[in-house]
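In: Would you be able to build a 3D model of this:
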Amino acid sequence: MSMSPFYRRHWRHAAILGLIVLTGFGLFLPEWRKAAGNHFALVQTIHEWGGLFYGLAVLGLGGMFYPWPTKSPAKSPGFTRWAYFFIVMLFISGVGLLIGPSWTRSIATVTHAIFAFVFVGWVVWHLVAHIPIRIGKKKPFTLSLARRHFLGWVIGTAATLPVLWSLPSLAKVVSGRTIQQGEVQGALPGFVPYTVTNGYPAIDPATYHLEVNVPGNPIRLSYEQFKALPMIERKINFQCVTGWAVDGVSFLGVDLEKFLLSKGWDPKEKPWVLFYSADGVYTESLSAEQIHQYQPLIAWQIDHRPLPQSQGFPLRLLVPGMYGYKSIKWLNKIDFADQDVLGYWEQRGYPENAYLGSYNGL
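Out: Okay, here's the model as predicted:
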């Protein structure tokens, strides 16, 4: 038996939205990010471009594309109108993540996450409350309205738990909370707390050392020895490849190129510099040419305060003019090589040359 045009559109939307939701979870949930492996950049591309074209189709084509069950949207069931509202808000907040000044991107980050998880919970409630349940080969039966709605609310609420769990971190994205040295939950306004291991390495500054394995002259610097080096301050616009940005952030640290040259690094002999994180997973690399052009810092302060743990305490790399994934956090080792070694995110599809504006998700 053939389906009506409404049901064809209905299931088409279910498939498209399902893909967008699944890829959204792949970007948001740490375990899903790990599972994506080398396909992480593809997941981001599908989510961003799929959401963009879907939103444009919903807004631009209206009733020709969106599955309104009646000719008059105003007379459609409440769920259909609410779903349309959520889709429009997700589209607007998603676009806000990609364009505009940093403060609007920060608000869009939180708004998009909240609407996404509320929408997922709403859809789950709808499915549980309206789809008949089959047991074995018996005829399908439908739970009573009250029981179905109760079960729907329970499961729908469970589906929104991830966003409730993340609200404290999301709130800090737009808050002005001050930070303390090594503070676990510290976050500056606009910065989205993010790690590849779903946690921060516990580092004792009293025992911390930065290894710099310059050929023929390897050294180990304690935290206090590092802070005694000549420092410079740079104010930059920090931008993540996922869209959010923070303008006018001040970092204090050591000029990477001058520091390495002073320790005996020969860029012609070893033209690649490799960076390692204390989390045991994150790695990055820069060429001698990139280091000379972009003048990275090994930073220990952000906005005139020691780095919080969420921002890489005790030391992090800071690469002006490149996306944030090149600015590795919890830096504990620097090595040198005669050829490039792909970093953590480059192994997962992100461009090696992470110049601002060079990546659009394709």
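In: For the chain, which strand extends over the most residues?
Out: Assignment by DSSP state E gives strand 245-255 as the longest strand of the chain.
In: So which elements touch the stretch of helix or strand Trp11 belongs to?
Out: Assigned by DSSP states H and E, Trp11 belongs to helix 5-28. Judged by 3 or more C-beta pairs under 8 Å, 6 or more residues apart in numbering; DSSP states H and E, helix 5-28 is in contact with helix 30-36, helix 40-61, helix 102-130. Where C-beta positions appear, they are placed from N, C-alpha and C, glycine not excepted.
In: and the ones you listed, which one is worst for confidence?
Out: If the helices and strands packed on helix 5-28 are sorted by mean pLDDT, helix 30-36 sits at the bottom with a mean of 67.
In: Give the burial count for Phe85, as a bare number.
Out: Phe85 has 12 neighbours, counted by other C-beta atoms under 10 Å.
In: List phi and psi for it.
Out: Dihedral pair for Phe85: phi -60, psi -50, per degrees, to the nearest 10.
In: Can you check the pLDDT for it?
Out: We have a pLDDT of 78 for Phe85.
In: And for Leu221?
Out: Leu221 is assigned a pLDDT of 97 by the prediction.
In: just checking, it touches Tyr208?
Out: No. If you go by C-beta atoms under 8 Å, Leu221 and Tyr208 don't touch, sitting 9.3 Å apart.
In: So in that sheet, which strands flank the longest strand of the chain, and in what orientation?
Out: Strand 245-255 has its sheet partners listed here by DSSP bridges as strand 232-239 (antiparallel), strand 297-302 (antiparallel).
In: Thought Gly324 was touching Trp345, still the case?
Out: No. Contact criterion C-beta under 8 Å: Trp345 and Gly324 do not qualify, at 10.0 Å.
In: OK, contacts around the residue nearest to Gly216 when sequence neighbours are not counted?
Out: Counting by C-beta to C-beta, 6 or more residues apart in numbering, Gly264 is the residue found nearest to Gly216 once chain neighbours are left out, at 6.4 Å. Taking C-beta atoms under 8 Å, 6 or more residues apart in numbering, we find Gly264 in contact with Val214, Pro215, Gly216, Asn217.
In: Let me see the ranges of the helices in the stretch 251-362 of the chain.
Out: 256-262, 288-294 (DSSP state H, counting those that start in this stretch).
In: Worst mean pLDDT among those helices?
Out: helix 288-294 has the lowest average pLDDT among those, namely a mean of 93.
In: what helices or strands is that helix leaning on?
Out: For helix 288-294, the contact count by 3+ C-beta pairs under 8 Å, 6+ apart identifies helix 256-262, strand 272-277 as packing neighbours.
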